[in-house]
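> What follows is a predicted structure for the sequence shown.
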Amino acid sequence: MIREFSHRACKVEQLETHGFADDPAGWFVIHSNNECRDVLLLAHADDGVIWGRLQGDRLITSSQLFKEYQVSPPLRAVTLQQACLFSEIEEVRVWRKEGGFQACRITDTDDENAASFDEAHILWGTHAEGWEGGFTLLADGQEGLRHAVPLDIPASSFERNSRYRPLRLLLRHYLVNDSDGCARICLSRLLGLRIEPSKGKGGIEG
């Protein structure tokens, strides 16, 4: 896989977390960038993974949909470990620390002396079991693993009787040079989701 590098550095702005513990969804709505499109949420909690999508002044989460499957827990501070509200423009990240939460906003800045590259991670989901509210309920293999992602994935993206997983989570990695002059990743942020066709559909199998 050939990586394309860009002259981008990251800007990290610390955010106040006042009110987050009482209303995580409301806090994310307040701190989102209104200029961003396709603003998504990915949160990891003690009791599961939570996906979400910003729709106007509301944050719709996977726990509100496909209730018969109970695919994810609600977004609540008491069990939350880390949550990222992200788009191509920025990521707002909140994580648990001793005594509460810490938060920051990560954006790009142009820097001729900096470097970054984008990467796509394969997410599980070999077939779709339902669609609701702009989310797709994905299942994987025979294990019965499910998650509801905030993307309307056409049924044609999946191959019958195939283990191919078409969903990708896009990340951007920022590089710095260490004391030995070797480049290393200093920070990463989420960019979005995309569908990657399989080779059989004229695409590139990840």
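Great, that's in hand.

> C-alpha only now, for contacts and for neighbours.
Noted.

> State the distance from residue 156 to residue 198.
Counting by C-alpha to C-alpha, to the nearest Å, the separation of residue 156 from residue 198 is 11 Å.

> These two - which one has more neighbours?
Using other C-alpha atoms under 10 Å, the more surrounded residue of residue 156 and residue 198 is residue 198, with 17 against 11.

> In contact with residue 145, which residues?
Contact analysis of residue 145 by C-alpha atoms under 8 Å, 6 or more residues apart in numbering lists residue 139.

> give me every residue that touches the residue nearest the centre of the chain.
A centroid search over the chain (C-alpha atoms, centre = their mean) returns residue 42, at 4.6 Å, as the residue closest to the centre. By C-alpha under 8 Å, 6+ apart, residue 42 lies in contact with 49-52, 83-85.

> Please name the nearest non-neighbouring residue to it.
Residue nearest to residue 42 in three dimensions, not counting chain neighbours: residue 51, with 4.8 Å by C-alpha to C-alpha, 6 or more residues apart in numbering.

> Could I get the buried residue list for the host helix or strand of that neighbour?
According to DSSP states H and E, residue 51 maps onto strand 48-55. Buried residues in strand 48-55, defined by neighbour count with 16 or more other C-alpha atoms under 10 Å: 49-54.

> one step back: just grab the bridge partners of the residue nearest to the centre of the chain for me.
Beta bridges link residue 42 to residue 51, residue 84, judged by DSSP bridges.

> Same question for residue 189.
Taking DSSP bridges as the rule, residue 189 bridges to residue 172.

> Might one say that it is in contact with residue 88?
No. Look at residue 189 against residue 88 with C-alpha atoms under 8 Å: they stay out of range, at 9.6 Å.

> Report the backbone C-alpha coordinates of stretch 116-128 in PDB.
What follows is stretch 116-128 as a C-alpha-only set of coordinates in PDB (Å, rounded to 0.1, in the frame of the first residue of the first chain):
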ATOM      1  CA  SER A 116       0.700  13.500   7.800                       C
ATOM      2  CA  PHE A 117      -0.900  10.600   6.000                       C
ATOM      3  CA  ASP A 118      -4.400   9.100   5.900                       C
ATOM      4  CA  GLU A 119      -5.200   5.500   6.600                       C
ATOM      5  CA  ALA A 120      -8.400   3.300   6.300                       C
ATOM      6  CA  HIS A 121      -9.100   0.700   8.900                       C
ATOM      7  CA  ILE A 122     -11.400  -2.200   8.100                       C
ATOM      8  CA  LEU A 123     -14.500  -2.500  10.400                       C
ATOM      9  CA  TRP A 124     -16.300  -5.700  10.900                       C
ATOM     10  CA  GLY A 125     -19.600  -6.300   9.200                       C
ATOM     11  CA  THR A 126     -20.100  -8.900   6.400                       C
ATOM     12  CA  HIS A 127     -23.800  -8.200   5.800                       C
ATOM     13  CA  ALA A 128     -26.500  -5.800   6.700                       C
END
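
> Good, we can wrap up now.
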